[in-house]
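1. Sequence plus the predicted model coming up.
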Amino acid sequence: MKRIALVTGGNRGLGFETCRRLAKSGFTVLLTARNPDKGNEAANELTDKEGLDVIFFLLDVTNKDQINTMSKQIEQQFGRLDALVNNAAIHYDPWQYAIDADLNLVEQAMITNVYGPWMLCQAFVPIMKRNGYGRIVNVSSLGGSLHYMQEGGAPAYSISKAGLNVLTRKLAAELQGTGILVNSIDPGWLATDMGGPGGGPVQEGTRGIIWAATLPGDGPSGGFFYEQGKPVPW
Ligand SMILES: NC(=O)c1ccc[n+]([C@@H]2O[C@H](COP(=O)([O-])OP(=O)(O)OC[C@H]3O[C@@H](n4cnc5c(N)ncnc54)[C@H](OP(=O)(O)O)[C@@H]3O)[C@@H](O)[C@H]2O)c1
């Protein structure tokens with residue numbers, strides 16, 4: 001039976017390349033995006049031009065009703081979800097500082113970058129538990145590492161990614177023995193809309209994500225990694 005993977009923010013950047021790589025690794029990929037035109041266009045590029053097994057689902061990660069409807073649909077249609085890649089994120093904000101940050105912007109970042117992945121985990125962990133198998137990949141960042149926070153700046157992004165890392169730790173601890181492994185991955189600096197020019201190619205950023213999405217049963221859980229298993233300090 002083919003494995004099923006879901007990627008949030010799959011229409012562009014790292015998410016799009018992750019969909020391609022997972023499909024090439026043998027998954028049926030559920031490419032999700034909040035904009036139906038962009039999502040369909042991205043999925044069509046992978047199916048029509050590259051012959052990959054990719055299906056578009058509409059998903060704004062801040063929309064709880066959409067998440068719950070989609071998880072029911074996926075359970076009915078496939079009966080499983082093997083890998084959940086929480087990739088979608090907003091507001092890399094190096095231009096502002098915690099001391100006078102726009103807290104509305106911080107709140108938006110928390111809702112998309114922390115509550116979004118959290119709601120998705122809550123919706124899909126029961127399905128994974130029933131199947132005794134799941135790989136949850138939280139796409140994080142060095143920006144969320146407390147170890148590297150000697151400098152200020154980018155508070156919305158850093159605090160939300162640190163929060164996402166806490167979610168990884170908590171879920172991994174709570175899901176021990178269930179067959180579900182949960183890890184945070186730092187994809188490195190990438191030349192996307194978020195990363196801007198100067199970063200590496202998105203293909204490089206997918207290495208750690210694919211690794212974490214396909215870990216064997218005795219693989220790590222509750223870790224923070226770069227590439228294929230290099231630990232990142234919390
Ligand atoms: N690029 C880097 O250097 C870098 C470094 C470290 C970590 N990361 C992490 O890697 C991940 C991907 O980053 P990227 O560089 O590919 O960013 P990006 O090019 O800005 O793409 C972000 C994606 O997230 C989607 N998105 C945003 N809000 C959403 C929502 N509410 N619901 C659904 N989708 C939503 C966007 O959709 P729309 O097209 O509709 O806006 C887009 O598909 C992020 O978690 C980021 O923090 C990136």
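-> Alright, I've got the coordinates. These numbers come from a predicted model, not from an experiment.
2. who touches the single longest helix found in the chain?
-> Looking across the chain with DSSP state H, the single longest helix is helix 155-174. Contacting residues not belonging to helix 155-174 are listed as 86, 89, 91-94, 96-98, 101, 105-106, 108-110, 112-114, 117-118, 121, 125, 136, 138, 140-141, 143-146, 149, 181-184, 221-224, 234 [CB atoms under 8 Å, 6 or more residues apart in numbering]. Placement of C-beta: from N, CA and C, glycine included.
3. At the contact with the ligand, which residues of this protein appear?
-> 8-9, 11-15, 33-35, 38, 60-62, 87-90, 112, 139, 141, 187, 189-190, 192-195, 199 (CB under 6 Å from any ligand atom).
4. Going through those, which ones are buried?
-> 8-9, 11-15, 33-34, 60-62, 87-90, 112, 139, 141, 187, 190, 192, 194-195, 199 (16 or more other CB atoms under 10 Å).
5. Take those and keep only those in strands.
-> Judged by DSSP state E, those include 33, 139 as members of strands.
6. Check which residues of stretch 120-135 are buried.
-> Neighbour-count burial for stretch 120-135 flags 120-121, 123-125, 127-128, 133-135 (criterion: 16+ other CB under 10 Å).
7. what residue ranges in the chain score low on pLDDT?
-> Applying pLDDT under 70 to the chain flags no residue at all.
8. where along it do the helices fall?
-> 13-24, 36-44, 64-78, 103-110, 116-131, 155-174, 202-213.
9. if you compare the ones you listed, which one is most tucked away?
-> Counting by mean count of other CB atoms under 10 Å, helix 13-24 has the highest mean neighbour count of the helices of the chain, with a mean of 24.
10. For beta bridges, what are the partners of the residue most central in space within the chain?
-> Taking CA atoms, centre = their mean, the centroid of the chain lies closest to residue 86, which sits 1.9 Å from it. Beta bridges link residue 86 to residue 138, judged by DSSP bridges.
11. Let me see the contact set for it.
-> With the criterion set at CB under 8 Å, 6+ apart, residue 86 makes contact with 8, 61, 116-117, 120-121, 136-139, 164.
12. For the longest helix of the chain, what is the distance to the chain centroid?
-> Put simply, helix 155-174 sits 12 Å off its chain's centre (CA atoms, centre = their mean, to the nearest Å).
13. ok, so what distance separates residue 228 from residue 175?
-> 22 Å (CB to CB, to the nearest Å).
14. Settle it for me: which of those two has more neighbours?
-> For the pair residue 228 and residue 175, the greater number of neighbours falls to residue 175 (20 against 10), based on other CB atoms under 10 Å.
15. what's around the closest residue to the more buried one other than its chain neighbours, how many residues?
-> Closest residue to residue 175 apart from its sequence neighbours, by CB to CB, 6 or more residues apart in numbering: residue 182 at 6.3 Å. Residue 182 has 27 neighbours, counted by other CB under 10 Å.
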